[in-house]
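**Student:** Next comes the sequence, and after it the predicted model I'd like to discuss.
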Amino acid sequence: GAGVSQSPSNKVTEKGKDVELRCDPISGHTALYWYRQSLGQGLEFLIYFQGNSAPDKSGLPSDRFSAERTGGSVSTLTIQRTQQEDSAVYLCASSFDPASAEAFFGQGTRLTVV
Amino acid sequence: GENVEQHPSTLSVQEGDSAVIKCTYSDSASNYFPWYKQELGKRPQLIIDIRSNVGEKKDQRIAVTLNKTAKHFSLHITETQPEDSAVYFCAARRYQAGTALIFGKGTTLSVSS
């Protein structure tokens, strides 16, 4: 596709439910990143994929958070038993790695836990 | 892992003034330092980046400087305009596979006319 695509754009879920957020990176980009941006806050790193493996998952805040990437392309971020503090915008970014380091962001998924 | 500190968190300037945002990083092996601009309601976009083999890079009204010894880098915006108002993020990583891009907490720049 032309850019990084994330779905859904918005998600409202009840506390305790599981959610899945999807990221379609730019074709050919081997690196994929997930970040969380709470209201008015910075870009909190969650996890980094190189191909299908995750060399760095140090930012995942708890074991309720997990992510996978298949076929070196689409990635899914799963949050189990959602809590209100999980409410945020979840951003995905991708880049060629390491030939070109510019990371391109998707538009984000706004998650609201009620 | 890498840790990036960014200052100030907010910055207000008059149109035409210069703005400077500073960042420090912890990983001495980091060698790629991009700056992203995020306008309200939009996704972050790269505005300029610098690699460790140079000390300064300019692109029209924006410039970035890097001091590897002190492990800090700065964004300089000259002749600021209202459309420069946004949140600016610095970041750092090792320019090689297997390392993540770590961001500072951002600086909200407001340019008043």
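**Tutor:** It's in. Residues are numbered from 1 along each chain as shown, chains lettered A, B, ... in the order given.
**Student:** Now do the contacts for the residue most central in space within chain A.
**Tutor:** For chain A, the residue lying nearest the average C-alpha position, counting by C-alpha atoms, centre = their mean, turns out to be A:Trp34 (3.4 Å). Counting by C-beta atoms under 8 Å, 6 or more residues apart in numbering or on different chains, A:Trp34 touches A:23, A:45-48, A:67, A:75, A:77, A:90-92. Placement of C-beta: from N, CA and C, glycine included.
**Student:** Below-threshold pLDDT in the chain: ranges please.
**Tutor:** If you meant another chain, say so; for now it's chain A. Low-confidence segments of chain A (pLDDT under 70): A:1, A:98-101.
**Student:** To clarify, I was referring to chain B.
**Tutor:** In chain B, residues with pLDDT under 70: B:97.
**Student:** need the residues of it near chain A, please.
**Tutor:** With C-beta under 8 Å from any C-beta of the partner chain as the criterion, chain B meets chain A at residues B:1, B:6, B:32, B:34, B:43-46, B:49, B:89, B:93, B:95-106.
**Student:** which of those residues count as buried?
**Tutor:** B:6, B:32, B:34, B:43-44, B:46, B:49, B:89, B:93, B:95, B:99-106 (16 or more other C-beta atoms under 10 Å in any protein chain shown).
**Student:** Which of the residues you listed fall in strands?
**Tutor:** B:6, B:32, B:34, B:46, B:49, B:89, B:102-103 (DSSP state E).
**Student:** Return the member of the residues you listed nearest to chain A.
**Tutor:** B:Phe103 (4.0 Å; C-beta to the nearest C-beta).
**Student:** give the contact list for the closest one.
**Tutor:** Counting by C-beta under 8 Å, 6+ apart, B:Phe103 has contacts A:35, A:42-43, A:45, B:4, B:36, B:89-91.
**Student:** so how far is B:Leu46 from it?
**Tutor:** 12 Å (C-beta to C-beta, to the nearest Å).
**Student:** same thing with B:Gly98?
**Tutor:** 21 Å.
**Student:** same deal with B:Arg61?
**Tutor:** 16 Å.
**Student:** same question, A:Lys57
**Tutor:** From A:Lys57 to B:Leu46 the distance is 24 Å (C-beta to C-beta).
**Student:** Kindly report the same for A:Val12.
**Tutor:** 31 Å.
**Student:** And for B:Arg94?
**Tutor:** For B:Arg94 relative to B:Leu46 (C-beta to C-beta), the value is 18 Å.
**Student:** B:Tyr95 - nearest residue in space that isn't next to it in sequence?
**Tutor:** Distances taken as C-beta to C-beta, 6 or more residues apart in numbering or on different chains put B:Tyr32 closest to B:Tyr95, at 4.1 Å, once the chain neighbours are dropped.
**Student:** ditto for A:Arg64
**Tutor:** A:Gln80 is the one closest to A:Arg64 (C-beta to C-beta, 6+ apart), at 4.6 Å.
**Student:** what do you get for A:Lys15?
**Tutor:** Per C-beta to C-beta, 6+ apart, closest to A:Lys15 is A:Val113, 5.5 Å.
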